[in-house]
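A.B. asks: Predicted model, plus sequence, below.
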Amino acid sequence: MKKPILFCFLTCLFLQQAVLSQTIPVTGKIISADDKLPVSGASITLKGGTGGTTSDEKGNFSITVSPNAVLLISFVNFQPTEVPVNGRNNITVSLTALDKSLEQVVVVGYGTQRKKDLTGSVVSVKGSDLRQVPTVNAIKSMQGLVAGVDIASPNNNPNSNPEIRIRGNRSINAGNDPLIVVDGLPFSGSLNDINSGDIRSIEVLKDASATAIYGSRGANGVILITSNRGTTGKVQINYNGYYGVQTALDRLRLMNGAEFAEFRREAERNANRYNSLTPSRTLDEGMFYFRNRDVEASVLQAYDANGNYDPSKVREFDWIGEVTRQGRQQEHQLSVLAGSAKSQTSFSLGYFDNVGVVKGFDFDRYNLRLTYDNQLYDRLKIGGTIAASINNNNSTDNLYLLGGQVNPLAPIRDSTGALIIEPASDPLNFNSLIRLEGASNKEKAHRFFGNFFAEAGLIPGLTYRLSFSPDYRFFRRGSFRTSRANQGSPSSASDTTNRAFHYVLDNMLMYNKVINTDHKINVTLLQSVEEDRVEASIASVNDLPYDQQAFYNLGTANIVSRIGTGLTEWTLSSFMARVNYGFKERYLLTLTGRYDGSSRLAPGNKWDFFPSTAFAWNASDEPFLQSSKTLSD
């Protein structure tokens, strides 16, 4: 009896091995369940086995497996899916996108965190959302996207830096601008140096807990700008460009010629100096409420021979129309992204051009940016960013404001076509078009900045990061006014230059530990040194021999009104510690402390400590709220 039993057992084992060793080729396609588009780079592995493959750029894949195998399909930002083969040779898999509202990782300063783990107020704006509103300055594109952040342009110059207020003004005399950090580098100067096409995301830290990691400089809030970097996979070459025209949405609501004439007439009535006009009154007799013959003629022509007055015939002049035009804006960017599993790189070139709606204002910018990341060894990673920009900004006086102040009855030019210096014979209203032709400000700015880092894994969970961020800035502003633009005074010119070098050196230790799945600890320790040096010079002169030289040959002027130079240096040394603790992802605690020492403070008062504590409760994760349809995260 033993031999037949042994024979049956060996036969069953043989048949089982024969079935298991049988394989079939399986091809398929992976698509997104939302838009049915192919998913490239998805991972296809065998459950309980080894080996696998990835989907190509069209979402297709092929693999050889057992007829009864189970495939595991996964891709970033999609729900992992198990697919039984069941003897099929062709399979189409639809991946469902994850709800990333709380799993999304945001930059919080010296690191990143999931939104679900935040204890402070942090708002993130994607770079793709910023590019929906084409502007010279990426911050301007944030208008209306972040609650509690007010962004406004201070003047009619479309290229001016916007005023940014987070939670309003906190000081009357001190500055109210937030701290801006670009790829870990505290950023000073013009945000026009940054191409919005290079921005991956912008995070706004609004409350005390979120900003305490930057000490006193974070009191007005912090804006963190994170740039794009290289990606793995095939080389990507992208071009993005647009061209558009600009017109004023609305104009100043000013009196027209007839309304202004009636306004002056009413003023005379109130002063008891009004005499009605008659057809016999001539221009030679003069009108008592206008001091300029041309203005009087503009009103008198509205009367016919019988003395009937037709306001529509009052001659008027469009001063606002004279100083405005149809503007244009265009931007072009070419980027190349490439990389492998160990190294990634990106390169971008950008050009931006803006001709303002108000005459005399235009701006252009050239950008170059290069990034590189390399995982040299399992525990050592290095990388860096090099960026450069060249800006040219031309401007003049506030012609829009000046044009709105001129008498609409006053002619712009005389009978010969020359501009009238004082329209309506009013010394307080100067012809703004003279300043358009004879007053100019030309600004040129060069900037080179970067960030270089090395990151080493010391032990499991503990990482050391060293980063160095240099920033060199050169700025020149030349101003010139002709004698006519100075209302008869001698011509004037000035030349101002600034050369600045700024750097930040950071040493960081970061520790992450999860204990029994319930306890999550994140510790960040920082030692930082920051220095800034600015050299400035200025020269101002009057009475140049000829206008064609503008501000390029100040040595020929007859009067030197000012020559000056200056040097500004400061140093900031800092120590920072932050501890994030989470229990069951429901109860979150953040402890932050920063100790800053500044060379700009008086001896004995150079150092101060800035602490912060924050607690958060993810109440929606509690069992008694998980079934609630009224409350969400």
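C.D. replies: Ah, there it is.
A.B. asks: Residue 388 versus the spatially most central residue of the chain, what's the distance?
C.D. replies: Against the mean C-alpha coordinate of the chain, by CA atoms, centre = their mean, the closest residue is residue 138 at 2.6 Å. When distance is defined by CB to CB, to the nearest Å, residue 138 is 17 Å away from residue 388. Glycine gets a C-beta too; all of them are placed from N, C-alpha and C.
A.B. asks: Quick check, residue 207 in contact with residue 120.
C.D. replies: Yes - under the criterion of CB atoms under 8 Å, residue 207 is in contact with residue 120, at a separation of 5.1 Å.
A.B. asks: list the buried ones in stretch 524-542?
C.D. replies: By neighbour count with 16 or more other CB atoms under 10 Å, stretch 524-542 contains the buried residues 524-526, 528, 530, 532, 534, 539-542.
A.B. asks: repeat for stretch 356-373
C.D. replies: Buried residues in stretch 356-373, counting neighbours by 16+ other CB under 10 Å, are found at 356-367, 369-373.
A.B. asks: Which of these fall within strands?
C.D. replies: 362-367, 369-373 (DSSP state E).
A.B. asks: Distance to residue 46 and pLDDT for the residues you listed - can I get that in CSV?
C.D. replies: CSV is the format used below for those (distance: CB to CB, whole Å; pLDDT from 0 to 100):
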residue, distance to residue 46, pLDDT
362, 62, 90
363, 58, 91
364, 56, 92
365, 52, 93
366, 52, 94
367, 47, 93
369, 42, 93
370, 40, 94
371, 36, 92
372, 36, 92
373, 31, 91
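A.B. asks: Please render those residues as a markdown table that adds distance to residue 313 to the earlier fields.
C.D. replies: A markdown table is the format used below for these (distance: CB to CB, whole Å):
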| residue | distance to residue 313 |
| --- | --- |
| 362 | 38 |
| 363 | 42 |
| 364 | 45 |
| 365 | 49 |
| 366 | 53 |
| 367 | 54 |
| 369 | 60 |
| 370 | 66 |
| 371 | 67 |
| 372 | 72 |
| 373 | 73 |
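A.B. asks: any chance of the buried residues of stretch 524-542 in TSV, plus distance to residue 509, secondary structure and pLDDT?
C.D. replies: Compiled in TSV, the buried residues of stretch 524-542 are given as follows (distance: CB to CB, whole Å; DSSP: H, G, I helix; E, B strand; the rest coil; pLDDT from 0 to 100):
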residue	distance to residue 509	secondary structure	pLDDT
524	7	strand	93
525	4	strand	95
526	8	strand	93
528	12	strand	94
530	19	strand	94
532	26	strand	94
534	32	strand	96
539	49	strand	95
540	51	strand	94
541	56	strand	94
542	59	strand	93
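A.B. asks: contacting residues around the helix or strand harbouring residue 354?
C.D. replies: Using DSSP states H and E, residue 354 falls within strand 343-355. Residues from elsewhere that reach strand 343-355 (CB atoms under 8 Å, 6 or more residues apart in numbering): 136, 158-159, 195, 197-198, 228-232, 327-339, 361-375.
A.B. asks: How about stretch 560-579?
C.D. replies: So stretch 560-579 is contacted by 110, 213, 215, 492, 494, 521-542, 554, 589-600 (CB under 8 Å, 6+ apart).
A.B. asks: same check, this time on stretch 57-69
C.D. replies: 20, 22-31, 37-40, 42, 44, 46-47, 49, 52-55, 71, 84-87, 234.
A.B. asks: please redo it, this time with the cut-off set to 7 Å
C.D. replies: Under the criterion CB atoms under 7 Å, 6 or more residues apart in numbering, residues 20, 22-31, 38-40, 44, 46, 53-55, 85, 87 lie in contact with stretch 57-69.
A.B. asks: Next: stretch 418-429.
C.D. replies: The contact list for stretch 418-429 (CB under 7 Å, 6+ apart) reads 291-292, 295, 405-407, 409-414, 430-431, 433-434, 484, 487.
A.B. asks: same question, stretch 499-509
C.D. replies: 110, 185-186, 188, 462, 464-474, 524-535.
A.B. asks: Could you do stretch 476-484 as well?
C.D. replies: Counting by CB under 7 Å, 6+ apart, stretch 476-484 makes contact with 421, 434, 438-444, 489-497, 547, 550-551, all of which sit outside it.
A.B. asks: just the buried members of the residues you listed?
C.D. replies: Neighbour counting by 16+ other CB under 10 Å classes 434, 438-443, 491-497, 550-551 among the contacts of stretch 476-484 as buried.
A.B. asks: farthest-separated two in those?
C.D. replies: Across those, the longest distance by CB to CB is 28.3 Å; it joins 434 and 497.
A.B. asks: Pass me the low-pLDDT residue ranges in the stretch 401-550 of the chain, would you?
C.D. replies: Under the criterion of pLDDT under 70, the regions of the stretch 401-550 of the chain flagged as low confidence span 426-428.
A.B. asks: The same query, at a cut-off of 80, please.
C.D. replies: Flagging of the stretch 401-550 of the chain using pLDDT under 80 yields the residue ranges 401-407, 409-411, 415, 417, 421-430, 432, 487, 517.
A.B. asks: just the strands in it please.
C.D. replies: Per DSSP state E, counting those that start in this stretch, the stretch 401-550 of the chain carries strands over the ranges 439-459, 462-481, 492-515, 519-542.
A.B. asks: now the helix or strand just after the last one: how far from the chain's centre is it?
C.D. replies: Meaning strand 519-542. Proceeding C-terminally, strand 519-542 gives way to strand 559-583 as the next helix or strand, assigned by DSSP H and E. The chain centroid and the centroid of strand 559-583 are separated by 22 Å under CA atoms, centre = their mean, to the nearest Å.
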